[in-house]
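A.B. asks: Please find the sequence and the predicted model below.
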Amino acid sequence: MEDKVSVIIIIYKVEKYLRECLESVVTQTYKNLEIICVVGKGDAECEKIADEYGAKDDRIKVIKSEPKGTADARNRGLDAVTGDHIAFVDGDDRIREDMIEVMIGAAKKNDADISVVGKYYLYENCTDGSEENTEQVLSVSDAFKVILYQEGFFLHLWDKLYKKELFDGVRFPEGRLVEDRQMAASILLKANRIVYNSASKYYFRVSEDSGSKIEENLRLSLKADHEICDLLLKRFGDDIRPAVGFFLVNENLSVIQNSFLYGNFSKEHDREYLDYVRKHAREVRKDPRVPKSLKIKMDMCNISPMLFEKVTLSRRNRFVAGHRAFRSGNDWESTFKEQGIGN
């Protein structure tokens, strides 16, 4: 008998894209699905669409709850799971028709606890992704090296299929922002084997007004990065140390670059991140896996932040000219405050 896959879909203020999302899930080539739609109460249009699909497909469970953030919604979804494996899809994204089939096939073939696929970045005018189809079976430490060196997948929830037992006794921390990456890291640390198929199967919709773009979120993410890396160093020691060094320097550089983009940069505003890069750059340069592009960024940051800003803005302007992000029209910062999230 085929294993059942529980797909948890978080739905709130995504009415523009929800039909596309649900259609991509119900038409999967892998049919033994349990589709759990957690909808924020009061979002009338999303409730209507979810109920419509629920009436047509008996694999769909619609759970309506007070909107208290993604952590609360995912926990409600986890409480309803009866499948053997768990996948997450955001309500404004969509997936390739064979994503679940590819993920579970790779997991079964390789006896993996977590199966990962590649992703597309979906813009209004284009899609970035890869059709390259390579498969790697990874230990936990090697999987984290892929993540830290940014050589494939990252600490997202939605590009992975998990054995249900990995979530036994585990729930998302509620009332906090950017809880996803710490949760993804903790679940990966419970695994024994991970399989990664590089072919893009998940379509992540890039939005200008995404909650992940709020400046405070970027700083909270960096704090989470340091906490995750402390755990990894305790678990894997010197074997993971070079990858941790690369990752944290790169993430500090990213915060500095976002300050450029938001127009908030100053040596005082970003002193903590500038100092971190300067302190660790020499050691990171010794790592043969560090690409030339990062070495150039470190040099510009250390020698001339003004030049680094100029180059960052120029590259960003060229990129934006060919990649038009979506706009949902939602004020996520106000929404988080209304829901009491942000501690």
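C.D. replies: In hand now; what should we look at? Residues are numbered from 1 along each chain as shown.
A.B. asks: Point out where the stretch 101-250 of the chain drops to low pLDDT.
C.D. replies: Scanning the stretch 101-250 of the chain with the threshold set as pLDDT under 70 gives 176-178, 209-215.
A.B. asks: mind listing the strands in it by residue range?
C.D. replies: Listed from the start of the chain, the stretch 101-250 of the chain has strands (DSSP state E, counting those that start in this stretch) covering 114-122, 127-128, 135-138, 160-163, 194-205.
A.B. asks: For residue 262, find the nearest of these.
C.D. replies: strand 114-122 (20.7 Å; CB to CB). All C-beta atoms are positioned from the backbone trio N, CA, C, and that covers glycine.
A.B. asks: Paired strands for the closest one, with orientation please.
C.D. replies: Here strand 114-122 has these sheet partners by DSSP bridges: strand 127-128 (antiparallel), strand 160-163 (antiparallel), strand 194-205 (parallel).
A.B. asks: mind listing what the residue sitting nearest the centre point of the chain touches?
C.D. replies: Geometric centre of the chain, nearest residue: residue 156, 2.8 Å, by CA atoms, centre = their mean. Residue 156 makes contact with 119, 180, 181, 184, according to CB atoms under 8 Å, 6 or more residues apart in numbering.
A.B. asks: 7 Å instead?
C.D. replies: Counting by CB atoms under 7 Å, 6 or more residues apart in numbering, residue 156 makes contact with residue 184.
A.B. asks: quick revisit: turn the strands paired with strand 114-122 into a markdown table, columns for distance to residue 138.
C.D. replies: As requested, these are exported to a markdown table (distance: least, CB to CB, whole Å):
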| stretch | distance to residue 138 |
| --- | --- |
| strand 127-128 | 24 |
| strand 160-163 | 12 |
| strand 194-205 | 5 |
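A.B. asks: sorry, back to before: nearest to residue 71, out of the strands of the stretch 101-250 of the chain?
C.D. replies: Comparison of these against residue 71 by CB to CB identifies strand 160-163 as nearest, at 16.5 Å.
A.B. asks: and residue 264, how many neighbours?
C.D. replies: By other CB atoms under 10 Å, the residues close to residue 264 number 11.
A.B. asks: can you check residue 298 too?
C.D. replies: Here the neighbour count serves as a burial measure; for residue 298 (other CB under 10 Å) it reads 23.
A.B. asks: my guess is it is in a helix, correct?
C.D. replies: Yes. Assessed by DSSP: H, G, I helix; E, B strand; the rest coil, residue 298 belongs to a helix.
A.B. asks: Model confidence for it, exactly?
C.D. replies: pLDDT for residue 298: 96.
A.B. asks: Report the separation between residue 249 and residue 71.
C.D. replies: Distance from residue 249 to residue 71, counting by CB to CB, to the nearest Å: 29 Å.
A.B. asks: The two: which is more packed in?
C.D. replies: Per other CB under 10 Å, whichever of residue 249 and residue 71 has more neighbours is residue 249, with 25 against 20.
A.B. asks: I'd like the distance between the residue of the chain positioned farthest from its centre and residue 241.
C.D. replies: Relative to the centre of the chain, the most outlying C-alpha is that of residue 303, 32.5 Å out, by CA atoms, centre = their mean. Computed with CB to CB, the distance linking residue 303 and residue 241 is 26 Å.
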